[in-house]
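Participant: model this:
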Amino acid sequence: MIVTGGSDKVSVPFYFVDDVGGTSPGEPTTGLLFSDIETGGSASYQRQGAARVDITAITLASAAAAHADGGFLLVDDTEMPGVYRFDVPNLAVATGVDFVIVYLRAASGKNTITRPLKIDLTAVPTDIAAVKAETALIVSDTNELQTDNVPGLISTLDTDVAADVAAVKAETALIVADTNELQVDNIPGLISTLDTDVAADVAAVKAETALIVADTNELQTDDVPALIAAVQADLPVAITKNVALANFPFLMVDSADSITPKTGLTVTVERSIDGAAYGASTNTPATEVGSGSYKISLSASDLNGDTISLKFTATGADARYITIVTQAT
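Facilitator: Residues are numbered from 1 along each chain as shown. Reported below is the predicted structural model:
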């Protein structure tokens, strides 16, 4: 099972069957309560490389009730015997590790067993969000540069400098006329030097402005959507909500030993969407591939939910349950 690390309110299915001491070994166990786990049994999780953490099991009002850490309830004794919903604590699926294992053990007197559930944690959606945010900033900066009137700014700068030069010349002329001492100084030479320095400053400003314009043009010619597409192409692909998925593979095993792959089956495929009752998949029955392997093409309506539980059944084989957590489009 794959879940995005840091997900909120993750619910998973557990399938309990009678053990060798039960009434019907290997058959679904019905009627379990949260107290059968909490008293005499246990619920716990173990994150990659960490110690086991106990989970307090509680009851749920219904199979469609809101998520509650440790929530435990039989889904449907008639249509889904042996299938129970369990609400995983948010801390168990927090970011920072690659996987977490969740395990439920009923009181010994119940004579029932289930398998540990491994949940792989992925950080793909977070990475995509970061790339989009950075790209949005680049696009925003580019748009701002595009709307600046760079030629107008240069023209204004030239006009202001020319006005300043004219003012300096006028003030200098007054000083020459009023002061005999200044008249013997080489004022024209000073003015010429001043004109040369101002011209050099204007040239430097124009050069800096040309660099800004060049950088703006470079941003305008960058193919930002293509860069985004290239980054997304390198990221892992998840199953998308409400989008068809062709040739979904699964394995069926012989009910005689629950290990040997079973061939020649007519496999009925049902799906439960977001904890609702199971209904027939659009393209049931499945197609046999070989060596106990089968495939089914899931339609968009089969995947129109956040959490999809697939149920595969056939005479002479163990029922197979697979849970899919979809990614929004």
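
Participant: contacts and neighbour counts: CA atoms only from here.
Facilitator: OK.

Participant: longest strand anywhere in the chain?
Facilitator: The single longest strand within the chain, with elements called by DSSP state E, is strand 80-88.

Participant: just the CA trace of whichever helix or strand comes after that one, in CSV.
Facilitator: Next along the chain after strand 80-88, taking DSSP states H and E as the criterion, comes strand 99-105. In CSV, the C-alpha atoms belonging to strand 99-105 read as follows (Å, rounded to 0.1, in the frame of the first residue of the first chain):
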residue,chain,number,x,y,z
PHE,A,99,7.6,2.9,5.3
VAL,A,100,5.6,2.0,8.4
ILE,A,101,4.2,-1.5,9.4
VAL,A,102,0.7,-1.6,11.1
TYR,A,103,-0.3,-4.8,12.9
LEU,A,104,-3.5,-5.9,14.7
ARG,A,105,-3.7,-8.9,17.1
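
Participant: helices or strands up against strand 99-105?
Facilitator: strand 42-47, strand 117-122 (3 or more C-alpha pairs under 8 Å, 6 or more residues apart in numbering; DSSP states H and E).

Participant: tell me the most buried of those strands?
Facilitator: strand 42-47 (a mean of 20; mean count of other C-alpha atoms under 10 Å).

Participant: tilt between that strand and strand 117-122?
Facilitator: Per axes from the mean of the first three to the mean of the last three C-alpha atoms, to 10 degrees, the angle that strand 42-47 makes with strand 117-122 is 30 degrees.

Participant: pull the residues that contact strand 42-47.
Facilitator: For strand 42-47, the external contacting residues (C-alpha atoms under 8 Å, 6 or more residues apart in numbering) are 37, 52-57, 70, 92, 97, 99-107.

Participant: thinking again about what came up before, so what strands line up beside the longest strand of the chain?
Facilitator: Strand pairing for strand 80-88, using DSSP bridges, gives strand 10-15 (antiparallel), strand 71-76 (antiparallel).

Participant: how much space separates residue 276 from residue 24?
Facilitator: Note on residue 276: its distance to residue 24, by C-alpha to C-alpha, to the nearest Å, is 28 Å.

Participant: any idea how far the longest strand of the chain is from the middle of the chain?
Facilitator: Distance, stretch centre to chain centre, for strand 80-88: 26 Å (C-alpha atoms, centre = their mean, to the nearest Å).

Participant: what is the neighbour count of residue 76?
Facilitator: 16 (other C-alpha atoms under 10 Å).

Participant: so what's it closest to, chain neighbours aside?
Facilitator: residue 83 (7.3 Å; C-alpha to C-alpha, 6 or more residues apart in numbering).

Participant: any idea how far the one you found lies from residue 174?
Facilitator: 101 Å.

Participant: quick one, helices of the protein?
Facilitator: For the chain, helices defined by DSSP state H occupy the ranges 34-38, 124-147, 150-178, 180-183, 187-221, 224-234.

Participant: nearest to residue 158, out of the strands paired with strand 80-88?
Facilitator: Of all the strands paired with strand 80-88, it is strand 10-15 that lies closest to residue 158, at 65.0 Å by C-alpha to C-alpha.

Participant: could you check the angle the closest one makes with strand 99-105?
Facilitator: Using the same axes, to 10 degrees: strand 10-15 against strand 99-105 is 50 degrees.

Participant: distance between strand 10-15 and the chain's centre?
Facilitator: For strand 10-15, the distance to the chain centre is 21 Å (C-alpha atoms, centre = their mean).

Participant: what are the buried residues along stretch 61-79?
Facilitator: 63, 67, 68, 69, 70, 71, 72, 73, 74, 75, 76 (16 or more other C-alpha atoms under 10 Å).

Participant: adding distance to residue 129, write those out as a markdown table.
Facilitator: Output for those, formatted as a markdown table (distance: C-alpha to C-alpha, whole Å):
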| residue | distance to residue 129 |
| --- | --- |
| 63 | 32 |
| 67 | 26 |
| 68 | 28 |
| 69 | 27 |
| 70 | 30 |
| 71 | 31 |
| 72 | 33 |
| 73 | 35 |
| 74 | 37 |
| 75 | 35 |
| 76 | 38 |
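
Participant: reformat the residues you listed as CSV; add distance to residue 202 and pLDDT.
Facilitator: As requested, the buried residues of stretch 61-79 are exported to CSV (distance: C-alpha to C-alpha, whole Å; pLDDT from 0 to 100):
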residue, distance to residue 202, pLDDT
63, 76, 92
67, 68, 96
68, 70, 96
69, 69, 96
70, 73, 95
71, 74, 95
72, 77, 95
73, 79, 96
74, 81, 95
75, 79, 95
76, 82, 95
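
Participant: which one of these is nearest residue 192?
Facilitator: residue 67 (82.9 Å).

Participant: quick check: the closest one vs residue 34, distance?
Facilitator: Applying C-alpha to C-alpha to residue 67 and residue 34 gives a distance of 15 Å.

Participant: with residue 65 instead?
Facilitator: Per C-alpha to C-alpha, residue 65 is found 15 Å from residue 34.
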